[in-house]
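*Asks:* Sequence isn't available, so here's the structure alone:
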């Protein structure tokens, strides 16, 4: 898995370098595109594992909840590919069809993150500042990709560069979609689990294994803290209910005394 991700990132990097002009925008695209290609590859790898039942029940349940969305996207993509293959006109990479397969994913992820404002862990609300930060990042990405799509559509870039940018838009949208869905899933479950592809990617080296172990430890600590908080909330509710019943009994007792007088 490590070598597959490395290959995908390498292809993205070499491809982008073939038409880079050395400007700030090119440097940004080079540093941004490869990781997005790699992240999307990791998620797709996990997706196929879940479909084959080769990962944990937690991950199988998660991917089962989004597989209709992913299959719908792939179906539309295959339909477009078939349409362009059968059409007599030569395919033009300025059609922005691949880019606009990814844009809806980015839009869905925005509204998924927006719902986080109303979620709670136990009885504790989530911090709003990180949520608004994620929303700002998604809006910025959407506006940037709209700009890229416009430039592709108006033939600002070469055919090769246009295709690279479209793949980057699609990969980023797919990554944002799955990441936001997982965030919602994990918070609703009130339990985290590490993606299996991350283990396969990091644990190939001793340093990577140490990084993975630190991730795993952090996840376990979070799960333990959440469980403790849930138990504390349950006990607090029991104490509150007990105090309420006791108060009610005291009132009834007082009423009975008043009646006797």
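*Replies:* Structure's in. What do you need? Computed from a predicted model, the values in this text were never measured in an experiment.
*Asks:* what about the stretch 1-150 of the chain, any weak spots by pLDDT?
*Replies:* 21-27, 93-94 (pLDDT under 70).
*Asks:* buried ones in whichever strand or helix holds residue 30?
*Replies:* Using DSSP states H and E, residue 30 sits in helix 24-51. Along helix 24-51, these residues count as buried under the neighbour rule (16 or more other C-beta atoms under 10 Å): 29, 32-47, 49-50. Backbone N, C-alpha and C define where each C-beta goes, glycine included.
*Asks:* can you check stretch 197-215 too?
*Replies:* Buried, per 16+ other C-beta under 10 Å, within stretch 197-215: 197, 198, 199, 200, 201, 202, 203, 212.
*Asks:* tell me which element the last one falls in.
*Replies:* It stands for residue 212. helix 206-260.
*Asks:* Next, the contact list for the closest residue to residue 115 other than its chain neighbours, please.
*Replies:* Leaving out its chain neighbours, the residue that sits closest to residue 115 by C-beta to C-beta, 6 or more residues apart in numbering is residue 184, at 6.8 Å. The contact partners of residue 184, taken as C-beta atoms under 8 Å, 6 or more residues apart in numbering, are 112, 115, 116, 119.
*Asks:* Quick check: the gap between the nearest residue to the last one once chain neighbours are set aside and residue 20.
*Replies:* Spelled out, it's residue 119. Spatial nearest neighbour of residue 119, chain neighbours left out: residue 187 (5.2 Å); criterion: C-beta to C-beta, 6+ apart. Computed as C-beta to C-beta, to the nearest Å, the residue 187 to residue 20 distance reads 39 Å.
*Asks:* Run a quick neighbour tally on residue 172.
*Replies:* Residue 172 has 25 neighbours, counted by other C-beta atoms under 10 Å.
*Asks:* How about the contacts made by it?
*Replies:* Residue 172 touches 36, 40, 102, 106, 141, 145, counting by C-beta under 8 Å, 6+ apart.
*Asks:* does the closest residue to the second one other than its chain neighbours sit in a helix or strand, and which one?
*Replies:* Going back to what we said before, that points to residue 40. Sequence neighbours aside, residue 171 is the residue nearest to residue 40 in space, at 3.9 Å (criterion: C-beta to C-beta, 6+ apart). Using DSSP H and E, residue 171 sits in helix 159-189.
*Asks:* need the next SSE after that helix, C-terminal direction.
*Replies:* Counting by DSSP H and E, the next helix or strand C-terminal to helix 159-189 is helix 196-202.
*Asks:* what's the distance between that next one and the middle of its chain?
*Replies:* In terms of C-alpha atoms, centre = their mean, to the nearest Å, the centre of helix 196-202 is set 17 Å apart from its chain centre.
*Asks:* Lovely, talk soon.
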